[in-house]
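Student: coords below, sequence missing:
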């Protein structure tokens, strides 16, 4: 048990020689594969290095000896770097804030580092990491951990540009929990603000690559005041998940106050293209976000995994006050899963005050499932044509291609105006078996392009579809040159369709 408390470290700017500049502020290394650093606390320290040196890391924990950077083979749990705590530190002018690399173990992964804690359980124990990165062709991290189980990364404030930093010149991470199999990870209550310069590199505010039988919790994080410089082409992710766990929870995260994300690439709030069987997404918020360069797609929530069994719960989320421009596609919620064994519930979500461009706009898009319930959602106050008009189609709700037992009820859509030449489909049912659409309220829908039409409820495929007790009113296409400019319910295909 060793504690370093309030001991500040400084590599002065006068140290301009690469061979004498500091690689690490604090380093926790190993004596052998059976003797790692455990129960060490580093707290209340100010660590200032030089971010222009690509190897500079504020707190460095690694699986090697003091005499060599070659990886050690761990043969006992005593050889892991475990139960270490990093609380209340300020780390600045570095390329990486905190880095923890464990032993790349094999099943059953017993010799991963265990229970390292970056930030503790409250605001007073969180770390501040700013002014990091900025070296061309060099990936920068606020926090980077790998081969960890039970790691907690919480209550940290992370910004690469604050306190004298610059926009990133390469791939940028706020928090990364990289490859860790059958591990549990907690990433909660962090505040992250990132800035990317004019380049093709990707921004990851939070990235998780853990996979296997473990649990991922990403809750109560705030992504705010981030910028991307005009001319950039890389994607911008708030939460990116590249590994499937047994259970994942994303609750009460906020993507707010980012009016200048000028990339032509994708912008994604919660992005989970993996087959996690049990996933909960609730209470998350997008507000006051603008993708100011045309191209790519904006996703509030993205899920495309196709697991066997489990349940996907998406409820109580809000995507609002989002502006995109030109040939950019928009999805408030996008579930493209092709699983027919996972149950899905999508309810009490809101998509509103959306300014679309010339590309397609989808309020809520729900894919296949076993039993799928979609109810009490609201899509309203959506317009298109920002940055020019084209053939973009506007969908309020897009439902299933192969779902079984799909129930769509008590949803609302209103205040929608489409300026593009693509049609407006307020509710589009694309297939499924035993689909029930009832008690939905659709009104005040307008199309201002002469080439387009409005369809209240549209059915393109499916078996045993029942459409009843819906309220459809005030559909307007006053400039349309089409013979059937407005249709309340349009049945184009399907078997055993009842209205």
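Tutor: Looks like it came in fine. Everything numeric in this text was worked out from a predicted model, so none of it was measured.
Student: just for the stretch 351-499 of the chain, where's the confidence low?
Tutor: For the stretch 351-499 of the chain, applying pLDDT under 70 flags no range at all.
Student: what segments of it are helices?
Tutor: In the stretch 351-499 of the chain, no segments count as helices under DSSP state H, counting those that start in this stretch.
Student: what number of residues are in the vicinity of residue 343?
Tutor: By other C-beta atoms under 10 Å, the residues close to residue 343 number 17. Where you see a C-beta, it was placed from the backbone N, CA and C, and this is true even at glycine.
Student: swap in residue 377?
Tutor: There are 27 residues near residue 377, going by other C-beta under 10 Å.
Student: mind telling me what element the closest residue to residue 364 other than its chain neighbours is part of?
Tutor: Sequence neighbours aside, residue 333 is the residue nearest to residue 364 in space, at 4.7 Å (criterion: C-beta to C-beta, 6 or more residues apart in numbering). Using DSSP states H and E, residue 333 maps to strand 329-335.
Student: what pairs with that strand, parallel or antiparallel?
Tutor: The strands beside strand 329-335 in its sheet (DSSP bridges) come out as strand 297-303 (parallel), strand 361-366 (parallel).
Student: looking at those, which one is packed in the most?
Tutor: Compared across the strands paired with strand 329-335, strand 361-366 shows the largest average neighbour count, a mean of 27 (mean count of other C-beta atoms under 10 Å).
Student: follow-up on the earlier one: taking the mean pLDDT, what do you get for the strand holding residue 333?
Tutor: For strand 329-335, the mean per-residue pLDDT is 97.
Student: do the same with stretch 308-323
Tutor: On average, stretch 308-323 scores 97.
Student: repeat that for stretch 192-206.
Tutor: Stretch 192-206 comes out at a mean pLDDT of 98.
Student: in that stretch, what's buried?
Tutor: 192-197, 199, 201-206 (16 or more other C-beta atoms under 10 Å).
Student: kindly report the same for stretch 79-96.
Tutor: Buried, per 16+ other C-beta under 10 Å, within stretch 79-96: 79-96.
Student: please state the offset of it from the chain centre?
Tutor: Mean-position distance between stretch 79-96 and its chain equals 25 Å (C-alpha atoms, centre = their mean, to the nearest Å).
Student: cool, stretch 301-320 as well?
Tutor: For stretch 301-320 - counting by C-alpha atoms, centre = their mean - the centre lies 12 Å from the chain centre.
Student: how about it: buried residues?
Tutor: 301-303, 305-307, 310-320.
Student: and it, end to end?
Tutor: 13 Å (C-alpha to C-alpha, to the nearest Å).
Student: can you give me the neighbour number for the nearest residue to residue 166 once chain neighbours are set aside?
Tutor: Nearest non-adjacent residue to residue 166, counting by C-beta to C-beta, 6+ apart: residue 134, 4.6 Å away. By the criterion of other C-beta under 10 Å, residue 134 has 22 neighbours.
Student: what's near enough to touch residue 134?
Tutor: Residue 134 sits next to 51-52, 140, 160, 165-169 when contact means C-beta atoms under 8 Å, 6 or more residues apart in numbering.
Student: if you set the cut-off to 7 Å instead, what comes out?
Tutor: By C-beta atoms under 7 Å, 6 or more residues apart in numbering, the contact set of residue 134 is 51, 165-166, 168-169.
Student: what of residue 70?
Tutor: Per C-beta under 7 Å, 6+ apart, neighbours of residue 70: residue 64.
Student: and if you look at residue 404?
Tutor: Counted by C-beta under 7 Å, 6+ apart, residue 404 has contacts 340, 370, 432-434.
Student: go on, residue 364?
Tutor: 332-333, 346, 349, 351, 377, 379, 397.
Student: go again using 10 Å as the cut-off
Tutor: Going by C-beta atoms under 10 Å, 6 or more residues apart in numbering, residue 364 touches 300-301, 314, 319, 331-335, 346, 349-351, 374, 377-379, 395-399, 411, 413.
Student: out of those residues, which sit inside strands?
Tutor: Residues of the contacts of residue 364 located in strands (DSSP state E): 300-301, 314, 319, 331-335, 346, 350-351, 374, 378-379, 395-399, 413.
Student: pairing partners for the host helix or strand of residue 176, with directions?
Tutor: Using DSSP H and E, residue 176 falls within strand 172-177. Strand 172-177 has the following sheet partners, assigned by DSSP bridges: strand 140-146 (parallel), strand 203-208 (parallel).
Student: hmm, who's touching the following helix or strand past the shortest one?
Tutor: Going back to what we said before, that points to strand 203-208. As assigned by DSSP H and E, the chain's next helix or strand after strand 203-208 is strand 215-219. Residues from elsewhere that reach strand 215-219, judged by C-beta under 10 Å, 6+ apart: 152-154, 175, 177, 183-190, 206, 208, 210, 238-239, 241, 243-253, 270, 272, 276, 278-280, 282-284.
Student: rewinding a little: using CSV, please lay out the strands paired with strand 172-177 together with distance to residue 421.
Tutor: Shown next, in CSV, are the strands paired with strand 172-177 (distance: least, C-beta to C-beta, whole Å):
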stretch, distance to residue 421
strand 140-146, 44
strand 203-208, 34
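Student: of the ones you listed, which is nearest residue 470?
Tutor: Among the strands paired with strand 172-177, strand 203-208 comes nearest to residue 470, with 39.9 Å by C-beta to C-beta.
Student: quick one: that closest one to strand 215-219, angle?
Tutor: Between strand 203-208 and strand 215-219, the angle comes out at 140 degrees (axes from the mean of the first three to the mean of the last three C-alpha atoms, to 10 degrees).
Student: off-centre distance for strand 203-208?
Tutor: On C-alpha atoms, centre = their mean, the centre of strand 203-208 falls 8 Å from that of its chain.
Student: how about stretch 261-276?
Tutor: That offset, for stretch 261-276, works out to 6 Å (C-alpha atoms, centre = their mean).
Student: what residues of that stretch count as buried?
Tutor: Those would be 261-272, 274-276, for stretch 261-276 by 16+ other C-beta under 10 Å.
Student: farthest pair within those?
Tutor: Most distant of the buried residues of stretch 261-276, by C-beta to C-beta, are 262 and 275, 33.3 Å apart.
Student: of the strands paired with strand 172-177, which is nearest residue 3?
Tutor: strand 140-146 (20.8 Å).
Student: hmm, who's touching the next helix or strand after that closest one?
Tutor: Toward the C-terminus, strand 140-146 is succeeded by strand 148-149 as the next helix or strand (DSSP H and E). Under the criterion C-beta under 10 Å, 6+ apart, residues 61, 80-82, 100-102, 105, 109-116, 177-185, 210, 214 lie in contact with strand 148-149.
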